[in-house]
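Visitor: sequence and predicted structure, then a few things I'm wondering about:
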Amino acid sequence: MSIVKKVIAALILAAGLYVAYEIYQQSQLAGILFVILALTVAVPLAVGTVRRNNAIKTNIGEMPDSKMDVGVRQARATIMREDGEVRGAPARKQPS
């Protein structure tokens, strides 16, 4: 999968550089900006710095590292309390 991403990134970069060259002949600033745009798309795809969703998930047993981890744990605890899975915790009052 990594090789496929790198090939796609190389193709995007090659096409972007060709189009940038064609644009550069008409307007130098537009050509330079298009090169920057092509690099902005191709480099992260080739390097693979995209953060995965499974890296964000936390286990209940481990200590939270960030505010997002604390929020996820708080939401899980609230849902467990509302479902009655946590005993001894007062239930949320229902509006009458």
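Guide: Yep, that arrived.
Visitor: for the helix or strand harbouring residue 14, list every residue counted as buried.
Guide: Per DSSP states H and E, residue 14 falls inside helix 2-26. For helix 2-26, burial by neighbour count (16 or more other CB atoms under 10 Å) applies to 9, 12-13, 16-17, 20, 23-24. C-betas here are computed from N, CA, C, even on glycine.
Visitor: give me the contact list for the helix or strand following it.
Guide: Once the chain leaves helix 2-26, the next helix or strand it forms, by DSSP H and E, is helix 28-47. If you take CB atoms under 8 Å, 6 or more residues apart in numbering as the criterion, helix 28-47 is touched by 5-6, 8-10, 12-13, 15-17, 19-21, 23-25, 50.
Visitor: least confident secondary structure element in the protein?
Guide: helix 67-82 (a mean of 80; mean pLDDT, DSSP states H and E).
Visitor: need the CA coordinates for that one. CSV is fine.
Guide: C-alpha atoms of helix 67-82 as CSV (Å, rounded to 0.1, in the frame of the first residue of the first chain):
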residue,chain,number,x,y,z
LYS,A,67,-7.7,16.8,26.7
MET,A,68,-9.3,14.7,23.9
ASP,A,69,-8.5,11.5,25.9
VAL,A,70,-10.1,13.0,29.0
GLY,A,71,-13.2,13.9,27.0
VAL,A,72,-13.5,10.4,25.5
ARG,A,73,-13.2,8.8,28.9
GLN,A,74,-15.8,11.3,30.4
ALA,A,75,-18.2,10.5,27.6
ARG,A,76,-17.8,6.8,28.0
ALA,A,77,-18.4,7.1,31.8
THR,A,78,-21.5,9.2,31.2
ILE,A,79,-23.0,6.7,28.8
MET,A,80,-22.2,3.8,31.1
ARG,A,81,-23.9,5.6,34.0
GLU,A,82,-27.0,6.4,31.9
